[in-house]
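Participant: no FASTA, just this:
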């Protein structure tokens, strides 16, 4: 159940976000039957009790779920129209308490052009306490929340899913096309996939030039066209006995020239290698320098082995397995792969696809995702930064740094060069 769903005239209700929705039927004071989503109704009862006990305000539900196309929000079951029993109290007396129970005023005053609706203080929407509090603090509507959404999202990719599949799912649930990934994982692989959302897509390359950690399992004596177990078997044989596997694996802690797998997205003459492979066209895969920073054997059983490794950008674990086997005068193919780290992002801090689908989304702000020194600027320097001008470098910072204003709002990414710091990425506009 996606309690953070955005439904309006532009974004129609997406049924897959409400597959596990439970509607409860209640009767209001006028004996009218009304349906409301279960968790929303529970929150409403707590709100109603609080208002009566603490504020001497009595409220009642007028409308809830309605399966009518003209009433977009009411199709969710997450919104309620309520009335106030006669007295001196008004809707303005209730609004400050809504977020404590996970509700927002869906169509607030002054936001008519944003929401596309007139001001309706009696129309409230359940989004959960965490998001409701965030919207209140930032004085944003749901539309503005998704419009401004930006940051780095760490996903634990599932098996049999492409990186593009993950990007598409995240884009659907965050209502944006501004989603990128910073290192492809094959469908066979699982683990850390770093996504960038919104403005953060502009810093993707700063997250890719890092080391990655993997745990891989391979089967000896098999050669496939894809270098993993999903491919077509080209050769099978018994591996030699008494292989010095552990020592050989240790010997790959080095920098060497690695041939890219034929089934990969690397381009040759403007065409992806896997396209040549699928068309049975001959092509020479390129070679590139890679560094194996760490590598160790974790387990060996009969004809399979598992190892952990930390490698540089551009290193293919499938190719590494092939090369290890080749140095032992045999073949091997990858059967499992888990990316456990990318740079300082780890599997432990990752979200699952199920988390995304239930709204349990934890975006890292850019300034948390990039471990660079921070420089706070005053209003005069802030304008310079927005114009991309250089700044003085009294602290002699060398390399990338983050420029923030006194409100801790990230303005730009600069680079320290002796006496000056030079703009690399300006992330705010001049009018802000």
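Facilitator: Received it, and whenever you're ready, just let me know what you need. Values in this document were obtained by computation on a predicted structure and should not be read as measured data.
Participant: what's the spacing between residue 280 and residue 55?
Facilitator: To residue 55, residue 280 is 75 Å away according to Cβ to Cβ, to the nearest Å. In this view, the C-beta of every residue, glycine as well, is placed from N, C-alpha and C.
Participant: again with residue 120
Facilitator: With Cβ to Cβ as the criterion, residue 120 and residue 55 are 21 Å apart.
Participant: comparing the two, which residue is more hemmed in?
Facilitator: Applying other Cβ atoms under 10 Å to residue 120 and residue 55 shows that residue 120 carries more neighbours, namely 17 against 13.
Participant: check contacts around the more buried one.
Facilitator: By Cβ atoms under 8 Å, 6 or more residues apart in numbering, the residues touching residue 120 are 81, 106-107.
Participant: residue 279 versus the spatially closest residue to residue 89 that is not a sequence neighbour, what's the distance?
Facilitator: Nearest non-adjacent residue to residue 89, counting by Cβ to Cβ, 6 or more residues apart in numbering: residue 57, 4.7 Å away. Going from residue 57 to residue 279 by Cβ to Cβ gives 71 Å.
Participant: next, the buried residues of stretch 53-71.
Facilitator: 57, 59, 61-66 (16 or more other Cβ atoms under 10 Å).
Participant: contacts for that stretch?
Facilitator: With Cβ under 8 Å, 6+ apart, stretch 53-71 has contacts from 23, 26, 28-29, 34-37, 44, 47-48, 51-52, 74-77, 79-85, 87, 89, 93-94, 97, 122.
Participant: next step: those residues restricted to strands.
Facilitator: By the criterion of DSSP state E, membership of the contacts of stretch 53-71 in strands covers 23, 26, 34-37, 79-84, 122.
Participant: where along the chain do the helices fall?
Facilitator: In the chain, the segments counted as helices under DSSP state H are 38-55, 91-94, 112-115, 129-138, 142-148, 163-173, 204-208, 245-250, 273-278, 317-327, 353-357, 366-369, 379-386.
Participant: among these, which is nearest residue 218?
Facilitator: Evaluated over those, closeness to residue 218 peaks at helix 317-327, with 4.5 Å, by Cβ to Cβ.
Participant: tell me the helices and strands packed up against that closest one.
Facilitator: strand 212-220, helix 245-250, strand 255-259, strand 304-311, strand 332-342 (3 or more Cβ pairs under 8 Å, 6 or more residues apart in numbering; DSSP states H and E).
Participant: in CSV, list the ones you listed along with mean pLDDT and distance to residue 166.
Facilitator: Below are those laid out as CSV (pLDDT from 0 to 100; distance: least, Cβ to Cβ, whole Å):
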stretch, mean pLDDT, distance to residue 166
strand 212-220, 97, 17
helix 245-250, 95, 31
strand 255-259, 97, 26
strand 304-311, 97, 21
strand 332-342, 96, 13
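Participant: which of those sits closest to residue 137?
Facilitator: Among those, strand 332-342 comes nearest to residue 137, with 31.0 Å by Cβ to Cβ.
Participant: now that closest one: buried residues?
Facilitator: So, applying 16+ other Cβ under 10 Å, buried residues of strand 332-342: 332-342.
Participant: what of stretch 174-193?
Facilitator: 174-176, 179-183, 185-186, 188-193.
Participant: what's the answer for stretch 90-103, then?
Facilitator: Applying 16+ other Cβ under 10 Å to stretch 90-103 flags 91, 94-95, 98-99, 101-103 as buried.
Participant: and what of stretch 256-275?
Facilitator: Neighbour-count burial for stretch 256-275 [16+ other Cβ under 10 Å]: 258, 260-264, 273.
Participant: what's near enough to touch the closest residue to residue 355 other than its chain neighbours?
Facilitator: Leaving aside its chain neighbours, residue 355 sits nearest to residue 361 (6.8 Å; criterion: Cβ to Cβ, 6+ apart). By Cβ under 8 Å, 6+ apart, residue 361 lies in contact with 4, 153, 173-174, 351, 355.
Participant: same check, this time on residue 315
Facilitator: By Cβ under 8 Å, 6+ apart, residue 315 lies in contact with 212, 258, 290-292.
Participant: most neighbours, which of these?
Facilitator: So for the contacts of residue 315 (other Cβ under 10 Å), the most neighbours sit at residue 212, 25 neighbours.
Participant: right, and it touches residue 341 too?
Facilitator: Yes: judged on Cβ atoms under 8 Å, residue 212 makes contact with residue 341 at a distance of 6.5 Å.
Participant: need the residues touching each of these two.
Facilitator: The contact sets of residue 212 and residue 341 overlap at 192, 310 (Cβ under 8 Å, 6+ apart).
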